[in-house]
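A.B. asks: build me a model from this:
(2 chains)
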Protein chains: 2
Amino acid sequence: MEAKHDLVSNIKHCVSIIVDAFGGDNSPVEIIKGSIIAINLDQNIEITFTGDETKIKKELSLYKYDSSRIRIVHAPEIVTNDDSPVEAIRTKKESSIVKGLLMLNSDENSHAFISAGSSGGVLTASTLLLRRIKGVTRPALVPILPTINESRVALIDCGANADCKTNNLIQFAYMGVAFAKSVLNVENPRVGLLSNGAEDKKGNELNKSVFPILADAKSINFLGNVEARDILSGDYDVIVTDGFSGNIALKASEGVAQMLFKLIKTNILEGGLRAKIGYLLLKHALKKVAKLMDYNNKGGAVLLGLEKLVIKTHGSSKADSITAAIFQAKHIVDSNLLSSITEEIKQLNS
Amino acid sequence: MEAKHDLVSNIKHCVSIIVDAFGGDNSPVEIIKGSIIAINLDQNIEITFTGDETKIKKELSLYKYDSSRIRIVHAPEIVTNDDSPVEAIRTKKESSIVKGLLMLNSDENSHAFISAGSSGGVLTASTLLLRRIKGVTRPALVPILPTINESRVALIDCGANADCKTNNLIQFAYMGVAFAKSVLNVENPRVGLLSNGAEDKKGNELNKSVFPILADAKSINFLGNVEARDILSGDYDVIVTDGFSGNIALKASEGVAQMLFKLIKTNILEGGLRAKIGYLLLKHALKKVAKLMDYNNKGGAVLLGLEKLVIKTHGSSKADSITAAIFQAKHIVDSNLLSSITEEIKQLNS
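C.D. replies: Numbers count the residues shown, from 1 in each chain, chains lettered A, B, ... in the order given. The predicted structure is shown next:
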């Protein structure tokens, strides 16, 4: 009996993930490599690749793996960054994104879709092809950022909705809280509203309409306005913003971090022998910092508000980011995020 | 005759700057120290301090300087960050900000006002108490940021206008171009529009309305949308945005830079002797990078669109930032920025 029980629980825990093998700058090589690493590390993961079957098979032939947990869905077309997303979803029905999301929608045994492809393509296709959680008006894209305390903070929305209304941001707050509770394991998530100053009265018109509603919401632990310089302070678990501002905050942070490491490198190279020896001695500390800052190694941005899980990884994702996103997907599926969001949205609407 | 000519040109070049001695976290000590350093370095600078006269005199007694180039306007009140700006301007008429700006407005021999005090206070008081350049609907706050190429980029607006309309952003572009031409000495400034993606079609509704107008403007060298990660790339001289998004981009950048240096420091301290020796050898290179990133050492943010010059320095300004802002003010007054903006706005409106 016990053996049977174990078998059942194993089957129950097997998470089935669809991976866009032809999304991102390093596809399919790094995408497939990262996926194989994941299934070889965890036997409770199954992967379905979407993309050109011949090319995927050729790439797969380089690896040893349990072939019973790999499937391929042939999808010869690719949605690129130059495509108009809405147009591409309509015309490129044989693309790796569209076929992956259609399968995710129709196959109840498929749990998640991961893509490093066109952001616009993934967001638009997900919104059009997947069902929304009841009561959600707009899905939101949520990256999980590192903080100075080595905790994590969810920035919601960071790119799915360039123009937002008051009720969108309120929903983002509730979805963010559900996410922080079930995925980041925070009991009473601290919520901030991204603004152009920390004082209560700061903000644009949108913020000023959102602030009093969040301040009055009993189930939200609302700490008020947060300046962009404090996003990574570790003082917040969820930061609420519209997709335009969130995208700017995220990418400005990314840009400065990249620039700083580049400048440090240049100055070391130009600093002569002394600086080079210094670098060798400091290399470990600097790499640790670089790794801590690189949120891509912790997975991708999660699209919240849909009945199935979609994760968008960086366009420049290499194998390690893909492996991380696959483990992230498994963790999120196991954490019952979707029912947690359903609960929070129900609470908001009641 | 030649001696007389020199005398005349000297008098003509003397720039008279009003400094808020009671603005910012380190006032009046660092404000006065930075000002004295400036007048001792350049005999063509005159300074009027606004603030508590007794305290200013006490602080001044610590230094040697040419007293004929220092004046004090007694202003015992202080506008703080907790004050409602509009309220404070009405009620605190004896504040260092209000008295400074009233003097700047009425005294034709005063050229600029510098404050490290309340951003809201300085912006609101400047807008209410100074005249706008003809045709300008909204003044804009412009920090000058360092780039990876060691060039500089002007981000306009970064906080004066949280909610903007299409024509505001168009004016920001023209004022930014005037600024880059006359102050940054760029002949044909490269202009970008801050957006949530580099592709032409990206953006929120505001951006989408601004993009085609800038693209059609013959006198604007418009390079299209720019992602926040490329602000510091050195590929742009002027980046146009609304004050809310600009503020977020600026502060997110600041936050990440601070966090990175903090993390590097922590990791060095925890890295044992090896890391500490490495740090000693690398110190010079790291400090050079920190200095390059610290835009506050290059002066403050300039408020564009008014008939007189206002510079807002960081609330945490120390003496070196104040000295830099004073030299920045002198450079801007000498560069005829105001007539350059008048020209650009005339061109826009014709």
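A.B. asks: next SSE after the helix or strand harbouring residue A:18?
C.D. replies: Using DSSP states H and E, residue A:18 sits within strand A:15-20. Elements were assigned by DSSP H and E; along the chain past strand A:15-20, the next helix or strand is helix A:29-41.
A.B. asks: just to revisit the earlier point, in its sheet, what does the strand holding residue A:18 sit against?
C.D. replies: strand A:45-51 (parallel), strand A:112-115 (parallel) (DSSP bridges).
A.B. asks: export these to JSON lines and tack on mean neighbour count and mean pLDDT?
C.D. replies: Heads up, the C-betas are built off the backbone N, CA and C, glycines and all. Below are the strands paired with strand A:15-20 laid out as JSON lines (neighbours: other C-beta atoms under 10 Å in any protein chain shown; pLDDT from 0 to 100):
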{"stretch": "strand A:45-51", "mean neighbour count": "25", "mean pLDDT": "98"}
{"stretch": "strand A:112-115", "mean neighbour count": "29", "mean pLDDT": "98"}
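A.B. asks: quick one: those strands as TSV, columns for distance to residue B:179 too.
C.D. replies: Listed next are those as TSV, based on distance: least, C-beta to C-beta, whole Å:
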stretch	distance to residue B:179
strand A:45-51	49
strand A:112-115	42
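A.B. asks: and the angle from the strand holding residue A:18 to helix A:29-41?
C.D. replies: 170 degrees (axes from the mean of the first three to the mean of the last three C-alpha atoms, to 10 degrees).
A.B. asks: any idea how far the closest residue to residue A:65 other than its chain neighbours is from residue A:25?
C.D. replies: Closest residue in space to residue A:65, ignoring its immediate chain neighbours: residue A:36 at 5.2 Å, by C-beta to C-beta, 6 or more residues apart in numbering or on different chains. According to C-beta to C-beta, to the nearest Å, residue A:36 and residue A:25 sit 19 Å apart.
A.B. asks: tell me which of these two has more neighbours.
C.D. replies: Set residue A:36 next to residue A:25 and count neighbours by other C-beta atoms under 10 Å in any protein chain shown: residue A:36 wins out with 22 against 12.
A.B. asks: pull the contacting residues for the more buried one.
C.D. replies: Contacts for residue A:36 were tallied using C-beta atoms under 8 Å, 6 or more residues apart in numbering or on different chains; they are A:60, A:63, A:65.
A.B. asks: what's the spacing between it and residue A:47?
C.D. replies: Distance, residue A:36 to residue A:47, using C-beta to C-beta: 8 Å.
A.B. asks: how about residue A:166?
C.D. replies: 40 Å.
A.B. asks: go on, residue A:96?
C.D. replies: 13 Å.
A.B. asks: hmm, whichever helix or strand residue A:88 is part of touching chain B?
C.D. replies: Per DSSP H and E: residue A:88 is located in helix A:85-91. No - judged by C-beta under 8 Å from any C-beta of the partner chain, helix A:85-91 and chain B are separated, with a smallest distance of 9.3 Å.
A.B. asks: which element is encountered next along the chain beyond that helix?
C.D. replies: Next along from helix A:85-91, by DSSP H and E: helix A:96-106.
A.B. asks: contacting residues around that following helix?
C.D. replies: Contacts of helix A:96-106 (C-beta under 8 Å, 6+ apart): A:18-23, A:48, A:50-51, A:73, A:75, A:77-79, A:89, A:92-93, A:110, A:112-113, A:115, A:117-118, A:121-122, A:125-126, A:129-131, A:308, A:310.
A.B. asks: the same query, at a cut-off of 6 Å, please.
C.D. replies: For helix A:96-106, contacts defined as C-beta atoms under 6 Å, 6 or more residues apart in numbering or on different chains pick out A:18, A:20, A:22, A:50-51, A:73, A:75, A:79, A:110, A:113, A:117, A:121, A:125, A:129-130, A:308.
A.B. asks: chain B: which of those is nearest?
C.D. replies: Within the contacts of helix A:96-106, the smallest distance to chain B is 12.0 Å, found for residue A:121 (C-beta to the nearest C-beta).
A.B. asks: what is the burial count for the closest residue to residue A:200 other than its chain neighbours?
C.D. replies: Leaving aside its chain neighbours, residue A:200 sits nearest to residue A:224 (6.0 Å; criterion: C-beta to C-beta, 6+ apart). Residue A:224 has 15 neighbouring residues, counting by other C-beta under 10 Å.
A.B. asks: distance of the residue nearest to residue A:65 from residue A:314?
C.D. replies: Taking C-beta to C-beta, one finds residue A:36 at 20 Å from residue A:314.
A.B. asks: now the residue of the stretch 1-150 of chain A found nearest chain B: phi and psi?
C.D. replies: Using C-beta to the nearest C-beta, the closest approach of the stretch 1-150 of chain A to chain B is made by residue A:148 at 5.2 Å. Per-residue torsions, residue A:148: phi -70, psi -20 (degrees, to the nearest 10).
A.B. asks: in this structure it contacts residue B:259, no?
C.D. replies: Yes - contact status for residue A:148 versus residue B:259: in contact at 5.2 Å, counting by C-beta atoms under 6 Å.
A.B. asks: more neighbours: the two, which one.
C.D. replies: residue B:259 (25 against 18).
A.B. asks: contact partners for the more buried one?
C.D. replies: By C-beta under 6 Å, 6+ apart, the contact set of residue B:259 is A:148, A:232.
A.B. asks: separation between it and residue B:265?
C.D. replies: 11 Å.
A.B. asks: what does residue A:314 give?
C.D. replies: When distance is defined by C-beta to C-beta, residue A:314 is 28 Å away from residue B:265.
A.B. asks: show me which of those two is the more surrounded one.
C.D. replies: residue A:314 (19 against 14).
A.B. asks: output the contacting helices and strands for the strand or helix carrying residue A:280.
C.D. replies: Mapping residue A:280 onto the secondary structure by DSSP H and E places it in helix A:272-293. Counting contacts by 3 or more C-beta pairs under 6 Å, 6 or more residues apart in numbering or on different chains; DSSP states H and E, helix A:272-293 is packed against helix A:243-269, helix B:243-269, helix B:272-293.
A.B. asks: take those and write them to JSON lines, including mean pLDDT and distance to residue A:217.
C.D. replies: Formatted as JSON lines, these follow (pLDDT from 0 to 100; distance: least, C-beta to C-beta, whole Å):
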{"stretch": "helix A:243-269", "mean pLDDT": "89", "distance to residue A:217": "20"}
{"stretch": "helix B:243-269", "mean pLDDT": "89", "distance to residue A:217": "23"}
{"stretch": "helix B:272-293", "mean pLDDT": "80", "distance to residue A:217": "38"}
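A.B. asks: output these as CSV; include the columns distance to residue A:291.
C.D. replies: Below are the helices and strands packed on helix A:272-293 laid out as CSV (distance: least, C-beta to C-beta, whole Å):
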stretch, distance to residue A:291
helix A:243-269, 11
helix B:243-269, 11
helix B:272-293, 16
